[in-house]
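A.B. asks: Return a 3D structure for these sequence lines:
(one chain, ligands or ions: 1)
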Amino acid sequence: MSPLLEIRNIGCLNPDNHYVFQDINLEVHSGDIIILQGKSGCGKTTLLKCMSHLRPYKGDVLLHGKTPKALGIPSYRTHVMYVPQRPSLLPGTPRDFLHTIINLRAHQTHPNKCTEEEITQQTLDIASQLHAEELLWDRDWSNLSGGESQRIALSVALGLDTAEVLLLDEPTSALDPESSGLVERLITERVRGSHASLKAVIWITHSEEQGQRVGTRFCQLTAGECKEEQRI
Ligand SMILES: Nc1ncnc2c1ncn2[C@@H]1O[C@H](COP(=O)(O)OP(=O)(O)OP(=O)(O)O)[C@@H](O)[C@H]1O
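C.D. replies: Modelled structure (predicted):
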């Protein structure tokens, strides 16, 4: 089976001209929830940013065998979406953010396009499943708690329903165990079900227990490889 997403010989330089990592290879298939682990500072966030074309890299990233450039980078990012660990750095309110994304050309031309009202409603419904109150949508990101902004950012990524691959950067690092459980269930159900666009996830977590609960594959990142671990 050909991979949904593939990275070949990816390397990334920091602004100080040191490689964070080199020659990283990974194939992502439909149904995968890949747990990405590794020491703090080894480059997990950097790798997800390269995969979503948010950082320059050497090597190839291919979605259905095509480069982001061939697909159009804004369009590629609707299919392979990075969800940051600290969305509170965004300007304005989550409602403004959602409105802006829905009206981007890349989103407007996505094959799954629904009306703005439909997308907004499904996004608010997902946020409500994650126990994020509706009043949070009209508060500045900077005034949301870490856990509130994580749940809202995830709701936006899922509510837009364009991403085939979600790149989740410690999505529950600011959440209590109950809210983490809601996120874990929501994501795993979406990947397993067939009603949403989402087909695969790469999920950074420092929690072994969380990895075991949600993961289908397990990878350890070092400066020279992304090594897959076989677990029973
Ligand atoms: N803009 C930058 N300029 C210089 N160094 C950077 C920059 N961004 C990241 N780095 C460095 O690159 C390395 C990888 O960072 P990254 O955030 O990808 O690590 P990580 O594995 O996600 O870490 P953690 O588990 O602590 O979140 C770190 O040493 C970090 O300090």
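A.B. asks: make it CA atoms for all contacts and neighbour counts henceforth
C.D. replies: OK.
A.B. asks: packing partners for the helix or strand of the chain with the lowest mean pLDDT?
C.D. replies: In the chain, no helix or strand scores lower on mean pLDDT, DSSP states H and E than helix 105-108, which sits at a mean of 82. In terms of contacts (3 or more C-alpha pairs under 8 Å, 6 or more residues apart in numbering; DSSP states H and E), helix 105-108 is packed against helix 73-79.
A.B. asks: Can you give me every residue that contacts the residue most central in space within the chain?
C.D. replies: Closest to where the C-alpha atoms of the chain average out (C-alpha atoms, centre = their mean) is Leu167, at 2.4 Å. Residues in contact with Leu167 (C-alpha atoms under 8 Å, 6 or more residues apart in numbering) are 48, 52, 80-83, 201-203.
A.B. asks: Looking at those residues, which is nearest Gln37?
C.D. replies: Ranked by distance to Gln37 (C-alpha to C-alpha), the contacts of Leu167 are led by Trp203 at 8.7 Å.
A.B. asks: In the sheet, which strands lie alongside the strand or helix carrying the closest one, parallel or antiparallel?
C.D. replies: Secondary structure from DSSP states H and E places Trp203 in strand 200-204. Partners of strand 200-204 in the sheet, by DSSP bridges, are strand 33-37 (parallel), strand 165-169 (parallel).
A.B. asks: Does it reach the ligand?
C.D. replies: No: contact of strand 200-204 with the ligand (C-alpha under 6 Å from any ligand atom) is absent, the minimum separation being 8.1 Å.
A.B. asks: could I get that strand in CSV with only the CA atoms?
C.D. replies: Extracted in CSV, the C-alpha atoms of strand 200-204 (Å, rounded to 0.1, in the frame of the first residue of the first chain):
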residue,chain,number,x,y,z
ALA,A,200,-3.8,9.5,10.4
VAL,A,201,-2.2,11.4,13.3
ILE,A,202,1.4,12.0,14.5
TRP,A,203,1.1,12.7,18.2
ILE,A,204,4.0,14.0,20.4
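A.B. asks: Where neighbours are concerned, which of the contacts of Leu167 has the most?
C.D. replies: Among the contacts of Leu167, Val201 has the most neighbours (other C-alpha atoms under 10 Å), with 27 neighbours.
A.B. asks: doesn't Asp32 make contact with that one?
C.D. replies: Yes: contact criterion C-alpha atoms under 8 Å: Val201 and Asp32 qualify, at 6.3 Å.
A.B. asks: circling back to that earlier point, so how far is the next helix-or-strand element following the strand holding Trp203 from its chain's centroid?
C.D. replies: Next helix or strand after strand 200-204 toward the C-terminus (DSSP H and E): helix 208-214. Distance, stretch centre to chain centre, for helix 208-214: 17 Å (C-alpha atoms, centre = their mean, to the nearest Å).
A.B. asks: Check stretch 149-168 too.
C.D. replies: Here stretch 149-168 is found 7 Å from its chain centre; the criterion is C-alpha atoms, centre = their mean.
A.B. asks: Provide the secondary structure category for the closest residue to Leu89 other than its chain neighbours.
C.D. replies: What sits nearest to Leu89 in space, not counting adjacent residues and going by C-alpha to C-alpha, 6 or more residues apart in numbering, is Ser142, at 6.5 Å. Here Ser142 is recorded as helix under DSSP: H, G, I helix; E, B strand; the rest coil.
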